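Asks: what shape does this take:
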Amino acid sequence: MKKSKNNITIVLAMIYVFLSGGCSDNQQIGTQQQCLSQDSIKYYAHPDRWKNDIQKFIESDKQNPPPKNAVLFVGSSSIRMWDTKKWFPEFTTINRGFGGSYVIDSFYYADKIIIPYEPKTIVFYAGDNDTVDTKSSEMILADLQSLVFKVRQTLPKTRFIVISIKPSVSRWNYWPQMVKTNKLIENFCKHQKNIYFVDASKVMLDESGYPRKDILKDDGLHMNENGYQLWTSLVKPLIKQ
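Replies: Model prediction:
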C-alpha cells in the first residue's frame, strides 16, 4: 500500500512541477505537494516517535527561554552534533537537532521548536535518513516546502539556509538519489526569497568524487570536527549577509 500510494503521488508531483515550470516564489504549497507530505507522515515512521525529545526541548525552554532573533539550527543528527556555540561564537545560536529525524519531523514540530523562537535565520539539515527509508526525492522536496511555508506563514522575514544532503561512505549507494534530491531542493531555493542553498558536496568529496574519510567519524556517516569546520566555512558567510 505504501509503495503504490507513494508512486501515484510522485507522478502527480512531477506533473505539477512540469506544468508550473518549477517552484514559484509564493507562500503556499501546491495540492500535490500537500498530498506527498501527508503520505510522508502516514506511511513512514511517524513524528510522534520524537515526542519525548521535543518535550525535553520544551521543558528546557521553560527553564531558560531562548532569545528572539537568534540563529536556529534545526534538523537531524548532523545538526544535533554541531557545537554551534563553539563554531559560531559571534552569533546567538539555538540548536534543536534531534536524532535521526526526517525533514517532515521538523515540519510536524515547527509550532514547538521553531516558530516560538522567532529566529532571524534558520540553518536546516535533514534528508539522508529520509532517503534510506525509501522516500522519493519528490516527497523530500515536498516536506521541505511544507516546512518553509509553514514557518513563513508566521515569520515571513525569517531567512533559511538549507544544507544539501551530504555524501558519506556508509550511505554511498544512496548518493545518486541524494544528488537528484539536492537538485530539486536547489531549484526550489533559487525561486524563493531569502533561502540559500549550501552544496555540502563541494567540500566533502575528494578529487575522485568519493566521500572524504578524513572528515567523517569511524562510522563513515557522521562528521568529525574537520567536517564541521568545513560546514561552518560554508554557512557562516551566509549568516553574516
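
Asks: which residue ranges of the protein form strands?
Replies: Secondary structure of the chain (DSSP state E): strands at 71-75, 93-97, 121-125, 159-163, 195-198.

Asks: tell me where this structure has helices.
Replies: With DSSP state H as the criterion, the chain has helices at 2-20, 31-42, 51-63, 77-80, 84-87, 103-108, 110-113, 128-132, 137-154, 175-190, 201-204, 225-240.

Asks: got a list of what residue 239 touches?
Replies: Residue 239 sits next to 71, 88, 91, 121, 123, 161 when contact means CB atoms under 8 Å, 6 or more residues apart in numbering. Glycine gets a C-beta too; all of them are placed from N, C-alpha and C.

Asks: returning to what we had before: could I get the strands of the chain as TSV with mean pLDDT and distance to residue 230?
Replies: TSV is the format used below for the strands of the chain (pLDDT from 0 to 100; distance: least, CB to CB, whole Å):
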stretch	mean pLDDT	distance to residue 230
strand 71-75	98	16
strand 93-97	98	18
strand 121-125	99	13
strand 159-163	98	11
strand 195-198	98	11
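
Asks: of those strands, give the one that comes closest to residue 170.
Replies: Smallest distance to residue 170 across those (CB to CB): 16.8 Å, for strand 121-125.

Asks: tabulate the CA atom coordinates of that closest one in CSV.
Replies: In CSV, the C-alpha atoms belonging to strand 121-125 read as follows (Å, rounded to 0.1, in the frame of the first residue of the first chain):
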residue,chain,number,x,y,z
THR,A,121,17.8,32.8,10.4
ILE,A,122,17.2,29.1,10.3
VAL,A,123,20.0,26.7,9.3
PHE,A,124,18.4,23.4,8.3
TYR,A,125,19.8,20.0,7.5
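
Asks: packing partners for that strand?
Replies: With contacts defined as 3 or more CB pairs under 8 Å, 6 or more residues apart in numbering; DSSP states H and E, the packing partners of strand 121-125 are strand 71-75, helix 77-80, helix 137-154, strand 159-163, helix 225-240.

Asks: which residue is the nearest non-sequential neighbour of residue 182?
Replies: Nearest residue to residue 182, sequence neighbours excluded (CB to CB, 6 or more residues apart in numbering): residue 164, at 4.4 Å.

Asks: equivalent analysis for residue 219, please.
Replies: Leaving aside its chain neighbours, residue 219 sits nearest to residue 170 (6.3 Å; criterion: CB to CB, 6+ apart).

Asks: before we move on, the earlier item: and the helices and strands packed on strand 121-125, which is most packed in?
Replies: Ranked by average neighbour count under the criterion mean count of other CB atoms under 10 Å, the helices and strands packed on strand 121-125 are headed by strand 71-75 at a mean of 25.

Asks: strand partners of it, parallel vs antiparallel please.
Replies: Neighbouring strands of strand 71-75 in its sheet, by DSSP bridges, are strand 93-97 (parallel), strand 121-125 (parallel).
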